[in-house]
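Novice: fold the following and give me the result.
(chains A, B, C and D)
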2 protein chains.
Amino acid sequence: MSNQELVVLGRTDESATCCPGLLTAPLDGDQAVELAKVFKALGDPVRLRLLSMIASRAGGEVCVCDLTPAFDLSQPTISHHLKLLRQAGLIDCERRGTWVYYWLVPETTDRLASILTRPTGEPLPDRTAPAGAAS
Amino acid sequence: MSNQELVVLGRTDESATCCPGLLTAPLDGDQAVELAKVFKALGDPVRLRLLSMIASRAGGEVCVCDLTPAFDLSQPTISHHLKLLRQAGLIDCERRGTWVYYWLVPETTDRLASILTRPTGEPLPDRTAPAGAAS
DNA sequence: CCTCTATGTTGACATCCTTCGATGCAGCGC
DNA sequence: GCGCTGCATCGAAGGATGTCAACATAGAGG
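Specialist: Alright, predicted model coming up:
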């Protein structure tokens, strides 16, 4: 149950971790498809709230029974959203006795953050001087 | 044409910029809805590629006529995706003569990156000692 | 004014997504 | 074994989304 995330976001070596692009290189089709899956998982208010509830939990874990009552949604719906977050590699879970506990996979959010971070100090090109206007 | 982004992601003061949460606090419903709009805009491979093409462009700007031929999609479809990216506040555009130029709004991606960044050094809770097991 | 090119807009259609009720499965307690 | 609770899965319904062809709009250039 704990080993079926997508593990998208490309490889796990450091070169990809530090400056993979999106803001620096044109991102080929396959990379875009994989990345889109993760962002799509974040593109729902319920899943964002679930993720934040899980990530901000003191002990690092949350029982499903603590998540469900926070929403005006049925239990199967919450379960479905948790599944999508898990398939995106954003969270993972484990059953312990009667309950199932979820926790954040910080590697995934870390990678997303680095993907969205520009190479420091890029000097915001002067927009008063048209750049590609020549055709 | 250049002034209708959503300006989501909450306010623009620094307190929200440095540690808004998602990974630190449970994120209320309204915040989640606004944030989800931006992530949803990123949740499509075509839009991700468009964004990366725009963001990685040397001069900081790209003409639509340079974007459209890079996809096996009709021009209206590209135009539609660009509109969604613009409404999410991720890019902005301006018409100059016959052509329309798009550029990245780095404040938005910066904010997303900070939202996805954990407060440095959070010690990855020891998962061998169950935390919220009591119910 | 007319035409041509570059983009945006509209309406339609197929597909995907969110949600639910119903059901199934896994542990716990008797 | 039996029933109970917690959670996942299934199948269906309604709404949202991606895509296109057709059309509208804005400048450039005669």
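
Novice: quick one, strands of chain A?
Specialist: Using DSSP state E, the strands of chain A run over A:62-63, A:91-96, A:99-104.

Novice: quick one: the first one near DNA strand D?
Specialist: Looking back up the chat, that one is strand A:62-63. Yes - Strand A:62-63 is in contact with DNA strand D by C-beta under 7 Å from any atom of the strand, via A:Cys63. Quick note: C-beta positions are derived from backbone N, CA and C, even for glycine.

Novice: kindly report the same for the second one.
Specialist: Yes - figure legend: strand A:91-96 in contact with DNA strand D (C-beta under 7 Å from any atom of the strand); contacting residues A:Cys93.

Novice: other residues contacting stretch A:22-37?
Specialist: With C-beta atoms under 8 Å, 6 or more residues apart in numbering or on different chains as the test, stretch A:22-37 has contacts from A:6, A:8-10, A:21, A:87-88, A:115-119, B:42-49, B:51-53, B:55-56, B:104, B:109.

Novice: what about that stretch, average pLDDT?
Specialist: Taken as a whole, stretch A:22-37 has an average pLDDT of 89.

Novice: first to last residue in it, what's the distance?
Specialist: 15 Å (C-alpha to C-alpha, to the nearest Å).

Novice: for that stretch, buried residues please.
Specialist: A:Leu22, A:Leu23, A:Thr24, A:Pro26, A:Leu27, A:Gln31, A:Ala32, A:Glu34, A:Leu35, A:Ala36, A:Lys37 (16 or more other C-beta atoms under 10 Å in any protein chain shown).

Novice: how near is A:Gly29 to A:Ala41?
Specialist: Computed with C-beta to C-beta, to the nearest Å, the distance linking A:Gly29 and A:Ala41 is 19 Å.

Novice: err, A:Arg111, not the other one
Specialist: Distance from A:Arg111 to A:Ala41, counting by C-beta to C-beta: 14 Å.

Novice: same question for A:Glu34.
Specialist: 12 Å.

Novice: wait, isn't A:Ala88 in contact with A:Asp44?
Specialist: No - counting by C-beta atoms under 8 Å, A:Ala88 does not reach A:Asp44; the two are 11.1 Å apart.

Novice: quick one: which of the two has more around it?
Specialist: Each of A:Ala88 and A:Asp44 has its neighbours counted (other C-beta atoms under 10 Å in any protein chain shown); A:Ala88 has more, 23 against 20.
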